[in-house]
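Q: what's the 3D shape of this:
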Amino acid sequence: MATLASDDFSEGDGTDLGGKALDVGGTWTEFSGTWEVNSAQARQTSATAGWKVAGTDVGTTNADVQVECTLAASGHSAPGPMVRGVDVNNFWHIMAQYDLTTSPPAQLILRERNGGTFT
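A: Now for the predicted structure:
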């Protein structure tokens with residue numbers, strides 16, 4: 001299967017993700033929040049509450065997705081790919097959730113956000 005999008009985030013720390021070209025594919029879009037390259041990873045830098053979403057259009061509705069995510073060492077973290085996304089209010093999110101206040105503390109969750117509401 002052909003690779004439609006890939007990025008190793010090799011640009012220097014502090015490079016803005018918005019409009020940045022991927023190594024393979026198009027460019028990054030910051031749907032919400034502020035994103036930058038940090039230590040060869042994408043990192044959201046927004047301090048405000050709410051969903052922070054960045055993505056790229058691969059030009060098809062059906063594709064295999066492979067992502068490497070780093071979970072926060074403590075507190076709450078829910079990284080994962082946004083798929084079939086239109087904007088910050090309409091997408092599917094495959095979430096690797098880590099939250100020390102829940103049991104079990106680590107979960108893999110598939111959620112749909114439709115019209116700004118998770119279903």
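Q: how long is stretch 81-94 end to end?
A: For stretch 81-94, the first-to-last residue distance is 6 Å (C-alpha to C-alpha, to the nearest Å).
Q: identify the residues contacting that stretch?
A: Contacts made with stretch 81-94 from outside it, assessed by C-beta atoms under 8 Å, 6 or more residues apart in numbering, are listed as 31-32, 51, 53, 55, 61, 65, 67, 80, 108-116. C-beta: built from backbone N, CA, C; applies to glycine.
Q: out of these, which end up buried?
A: In the contacts of stretch 81-94, burial by neighbour count holds for 31-32, 51, 53, 55, 80, 113, counting by 16 or more other C-beta atoms under 10 Å.
Q: including distance to residue 11, secondary structure and pLDDT, could those residues go into CSV?
A: Formatted as CSV, the entries for those read as follows, by distance: C-beta to C-beta, whole Å; DSSP: H, G, I helix; E, B strand; the rest coil; pLDDT from 0 to 100:
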residue, distance to residue 11, secondary structure, pLDDT
31, 20, strand, 87
32, 21, strand, 86
51, 24, coil, 75
53, 20, strand, 84
55, 18, strand, 88
80, 22, coil, 76
113, 29, strand, 90
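Q: between those, which is nearest residue 2?
A: Comparing the buried ones among the contacts of stretch 81-94 against residue 2 with C-beta to C-beta picks out residue 55 as the nearest, at 18.9 Å.
Q: from residue 49, how far off is the residue most central in space within the chain?
A: By C-alpha atoms, centre = their mean, the mean C-alpha position of the chain lies nearest to residue 81, the distance being 4.6 Å. Here the criterion is C-beta to C-beta, to the nearest Å. By it, residue 81 lies 22 Å from residue 49.
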